[in-house]
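Return atomic coordinates for the entry below.
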Amino acid sequence: MLKKSMSIAILSSVVMLAGCETMPNNQQSAQNAERLQNRTWIATQIGNTEIKTAPTARNIPSLQFDSASQRVSGADGCNRIMGSYQVVGDTLTLSQMAGTQMACLNNNNIDRDFNVALNKVTHYQVYAKTLKLLDKHGNLLIQLETPIQPR
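Numbers count the residues shown, from 1 in each chain. Here you go, the predicted structure:
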């Protein structure tokens, strides 16, 4: 009798925990990709360094992911940058990255740090108005925010 009760309790627990998942992973991945794309993301942090830029500044480190063309564009804090991207689940692959080559003074090497970090991106996470670009170990490379609330 005790074995039967224990089996029922374990089975009930497994069923309850399985029911806690609110949506299938592929649906959740599609929603994350939708949150990533078609909005402007402004960099607020590179690694452990917070970025503070004046709203009137030109070429603020930022990214835009265009879902129709699968192209990424933006600025690195000095130059315009562009390339292509691919999203599969939580994996983000940036490729064919290129940029203008203007000389910028007094930007504390934000452009260099931003580009070095972009070259290491393998994964991403989107939480409300925050985008985190991560390396293959899950370390934060760049954190960005969007002024637009995801739908």
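
So in this protein, where's the weakest helix or strand by average pLDDT?
helix 2-18 (a mean of 50; mean pLDDT, DSSP states H and E).

quick one: the strands in this structure?
40-46, 49-50, 62-66, 71-75, 80-88, 91-99, 123-127, 130-134, 140-145 (DSSP state E).

mind checking which of these is nearest Arg112?
Of all the strands of the chain, it is strand 40-46 that lies closest to Arg112, at 9.9 Å by CB to CB. To be clear about C-beta, it is placed using only N, CA and C from the backbone, and glycine gets the same treatment.

how about stretch 83-100: buried residues?
Under the neighbour-count criterion of 16 or more other CB atoms under 10 Å, stretch 83-100 has Gly83, Tyr85, Val87, Asp90, Leu92, Leu94, Gly99 buried.

and those, which two are the farthest apart?
Across the buried residues of stretch 83-100, the longest distance by CB to CB is 25.9 Å; it joins Asp90 and Gly99.

any idea how far Gly89 is from Ala54?
To Ala54, Gly89 is 37 Å away according to CB to CB, to the nearest Å.

Could you count how many residues lie near Ile81?
Residues contacting Ile81 under the criterion other CB atoms under 10 Å number 24.

Give the bridge partners for it, please.
Judged by DSSP bridges, the bridge partners of Ile81 are Gly74, Gly99.

Same check on the one 5 residues further on?
Counting by DSSP bridges, Gln86 is bridged to Thr93.

In this structure it contacts Arg71, no?
No - the pair Gln86 / Arg71 is not scored as a contact, 11.0 Å apart, by CB atoms under 8 Å.

What residues does Ile46 make contact with?
Counting by CB atoms under 8 Å, 6 or more residues apart in numbering, Ile46 makes contact with Pro61, Ile110, Asp113, Phe114, Ala117, Leu141, Ile142.

at 7 Å what do you get?
Taking CB atoms under 7 Å, 6 or more residues apart in numbering as the criterion, Ile46 is in contact with Asp113, Phe114, Ala117, Ile142.
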